[in-house]
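Novice: Sharing a sequence plus its predicted fold:
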Amino acid sequence: MIRSKLPNVGTTIFTTMSQLAVQTGALNLSQGFPDFNGPQALLDAVGRHVAAGHNQYAPMTGLPALRQQVAAKVARLYGVQVDADHEVTITPGATEAIFCAIQAVIQAGDEVIVFDPCYDSYEPAVELAGGRCVHVQLSDGDFRIDWQAFSDALSPRTRMVILNSPHNPSGALITREDLDQLAQLIAERDIYLVSDEVYEHLIYDGVRHASVLAHEQLAARAFVISSFGKTYHVTGWKTGYVIAPPALSAELRKVHQYVNFCGVTPLQCALADFMAEHPEHVEQLPGFYQAKRDLFCDLLQGSRFTFTRTPGTYFQLVDYSQIRTDLNDVDMALWLTREHGVASIPVSVFYQRPIPEQRLLRLCFAKREETLRHAAEKLCAI
Ligand code: PMP
Ligand code: GLN
């Protein structure tokens with residue numbers, strides 16, 4: 001008998017739903033990824049670097065030119081100076097960055113506060129480090145942090161808080177006032193932060209991202225994590241980065257060098273070139289995705305799903321209580337895929353204690369116009 005280190009972990013909902021979409025031929029609006037290509041110049045740059053022989057190990061901390069581009073971007077967007085050599089680390093995906101940050105500082109018996117609904121990779125990483133997640137529920141409806149509930153969850157064993165804004169699956173945003181609250185509540189405590197900001201450029205309606213990087217007190221104890229996969233429409237490249245103060249970066253790099261050592265060289269070369277040549281890409285991203293959100297939501301007005309337009313991410317939550325109340329969201333997602341040809345993600349799987357009356361599905365709108373129209377047609381026919 002194997003004594004599992006992760007006895008409660010099965011196959012992720014993303015794998016399950018994407019596989020079901022393939023088996024049934026359904027439109028896949030479940031797992032978050034675009035059904036269109038990244039910018040041609042970025043794709044071409046990979047081929048160029050491969051042909052030029054940039055195919056051996058990258059430096060452990062990441063290609064210097066890419067680290068410098070990341071530092072230039074956060075200076076431009078958030079007005080923050082970070083040291084590309086000692087504070088920026090390139091990782092094979094944000095997932096690896098999150099894992100390494102947790103392993104670097106969490107010890108046996110430590111507690112980590114997470115907010116439900118909570119992205120699926122945090123808790124297994126905490127458990128493998130010997131820690132325990134303490135789940136604080138976001139408000140039902142608008143997915144905001146209840147700071148009283150957070151304060152009640154703090155204990156002498158709390159060693160880390162994991163923030164995620166824009167938030168997966170809800171799209172909710174953390175505000176500057178939220179960050180001030182957090183800073184005040186943990187000021188006298190020995191607590192680190194992981195700030196998962198992989199959707200930092202997917203924020204709509206003119207709202208600006210409140211990055212932890214721009215909050216001096218919090219940034220001093222934070223690992224701020226992002227993903228080139230989301231930003232450049234190349235989720236399969238699994239390339240991300242972490243920004244953290246030098247002492248924290250040094251601890252993270254000790255783990256990263258043995259988990260993976262380094263990211264993929266030609267991809268890092270291509271991203272560095274593209275970021276240097278096209279700084280406008282990130283500034284155009286909110287408009288690009290807002291148009292998709294609005295198209296999709298306008299089309300869904302003709303359905304019996306109800307929703308509030310998402311303020312961030314490329315996910316739209318929809319409530320199906322006017323369609324079927326007899327099915328919980330997991331069964332609803334299965335029924336919708338099998339019977340109506342649209343795959344989605346049920347929201348309850350992101351909760352430690354799901355809300356019994358909640359009837360929400362997550363739909364990914366990072367899709368071509370024709371896919372969105374086709375999906376909306378099916379959803380409107382229910
Ligand atoms: N955090 C969140 C909230 C995500 O949605 C994702 C998406 N996959 C990740 C982390 C992981 O990003 P990556 O694919 O770069 O590992
Ligand atoms: N982050 C992606 C999502 O939320 C899934 C990534 C994965 O499959 N691990 O859909």
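Specialist: Yes, it's here. Ligands and ions are numbered 1, 2, ... in the order given.
Novice: and the longest helix for the chain?
Specialist: Ranked by residue count and defined by DSSP state H, the top helix of the chain is helix 280-300.
Novice: Direction-wise, compare the helix or strand just after it with helix 280-300 and give the angle.
Specialist: Next in sequence after helix 280-300, counting helices and strands by DSSP states H and E, comes strand 315-319. For strand 315-319 against helix 280-300, the angle between stretch directions is 20 degrees (axes from the mean of the first three to the mean of the last three C-alpha atoms, to 10 degrees).
Novice: Packing partners of strand 315-319?
Specialist: Under the contact definition 3 or more C-beta pairs under 8 Å, 6 or more residues apart in numbering; DSSP states H and E, strand 315-319 sits against helix 280-300, strand 360-364. Where you see a C-beta, it was placed from the backbone N, CA and C, and this is true even at glycine.
Novice: Strands of the stretch 101-250 of the chain, start to end?
Specialist: Here the stretch 101-250 of the chain has its strands, by DSSP state E, counting those that start in this stretch, at 111-116, 132-137, 158-164, 192-196, 222-227, 240-243.
Novice: just to revisit the earlier point, kindly reformat the helices and strands packed on strand 315-319 as TSV containing mean pLDDT, distance to ligand 1 and mean neighbour count.
Specialist: Below are these laid out as TSV (pLDDT from 0 to 100; distance: least, C-beta to the nearest ligand atom, whole Å; neighbours: other C-beta atoms under 10 Å):
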stretch	mean pLDDT	distance to ligand 1	mean neighbour count
helix 280-300	98	14	16
strand 360-364	98	10	26
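Novice: before we move on, back to that, does the longest helix of the chain pack against any helices or strands, and if so which?
Specialist: In terms of contact count using 3+ C-beta pairs under 8 Å, 6+ apart, helix 280-300 is assigned the packing partners helix 228-231, strand 315-319, helix 369-380.
Novice: For residue 337, list the residues it contacts.
Specialist: Residue 337 makes contact with 17, 20, 21, 24, 26, 30, 343, 344, according to C-beta atoms under 8 Å, 6 or more residues apart in numbering.
Novice: One more pass at 7 Å, please.
Specialist: When contacts are counted by C-beta atoms under 7 Å, 6 or more residues apart in numbering, residue 337 touches 20, 21, 24, 26, 343.
Novice: Kindly report the same for residue 306.
Specialist: Residue 306 makes contact with 319, 322 under the criterion C-beta under 7 Å, 6+ apart.
Novice: partner residues bridging it?
Specialist: Beta-bridge partners recorded for residue 306 (DSSP bridges): residue 319.
Novice: State the distance from it to residue 139.
Specialist: As for residue 306, its distance to residue 139 is 18 Å (criterion: C-beta to C-beta, to the nearest Å).
Novice: Now the closest residue to ligand 2 within the stretch 51-200 of the chain, what are its backbone angles?
Specialist: Relative to ligand 2, the nearest point of the stretch 51-200 of the chain is residue 168 (5.1 Å; C-beta to the nearest ligand atom). According to degrees, to the nearest 10, the main-chain angles of residue 168 amount to phi -100, psi 120.
Novice: right, and the helices and strands packed on helix 280-300 - which one's nearest ligand 1?
Specialist: Comparison of these against ligand 1 by C-beta to the nearest ligand atom identifies helix 228-231 as nearest, at 4.4 Å.
Novice: Domains of this structure: list them as residue ranges, please.
Specialist: Domains of the chain are assigned by automatic domain parsing as 13-38+281-380, 56-279.
Novice: Tabulate these (CSV), appending distance to residue 1.
Specialist: Conversion of those to CSV gives the following (distance: least, C-beta to C-beta, whole Å):
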stretch, distance to residue 1
domain 13-38+281-380, 25
domain 56-279, 19
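Novice: And those: which comes nearest residue 50?
Specialist: The closest approach between residue 50 and any of the domains of the chain, judged by C-beta to C-beta, belongs to domain 56-279 at 4.8 Å.
Novice: Name the residues of the stretch 51-200 of the chain found near ligand 1, please.
Specialist: Contact residues (C-beta under 6 Å from any ligand atom) of the stretch 51-200 of the chain with ligand 1: 93, 94, 95, 119, 164, 168, 196, 198.
Novice: who wins for most neighbours among those?
Specialist: Compared across those, residue 196 has the highest neighbour count, 27 neighbours, by other C-beta atoms under 10 Å.
Novice: you'd agree that residue is up against residue 164?
Specialist: Yes: with contact taken as C-beta atoms under 7 Å, residue 196 and residue 164 are classed as touching, separated by 4.2 Å.
Novice: Overlap in contacts, these two.
Specialist: Common contact partners of residue 196 and residue 164 (C-beta under 7 Å, 6+ apart): residue 119.
Novice: Looking at the helices and strands packed on strand 315-319, which is nearest to ligand 2?
Specialist: Closest of the helices and strands packed on strand 315-319 to ligand 2 is strand 360-364, at 6.6 Å (criterion: C-beta to the nearest ligand atom).
Novice: Which other helices and strands does that closest one contact?
Specialist: If contacts are counted by 3 or more C-beta pairs under 7 Å, 6 or more residues apart in numbering; DSSP states H and E, strand 360-364 sits against strand 315-319, helix 329-340, strand 345-346.
Novice: any idea of the mean pLDDT in the longest one?
Specialist: Within the predicted structure, the mean pLDDT of helix 329-340 is 97.
Novice: Briefly note if that helix comes near ligand 2.
Specialist: No: with C-beta under 6 Å from any ligand atom as the threshold, helix 329-340 lies outside contact range of ligand 2, at a closest distance of 13.0 Å.
Novice: I appreciate the help and will end here.
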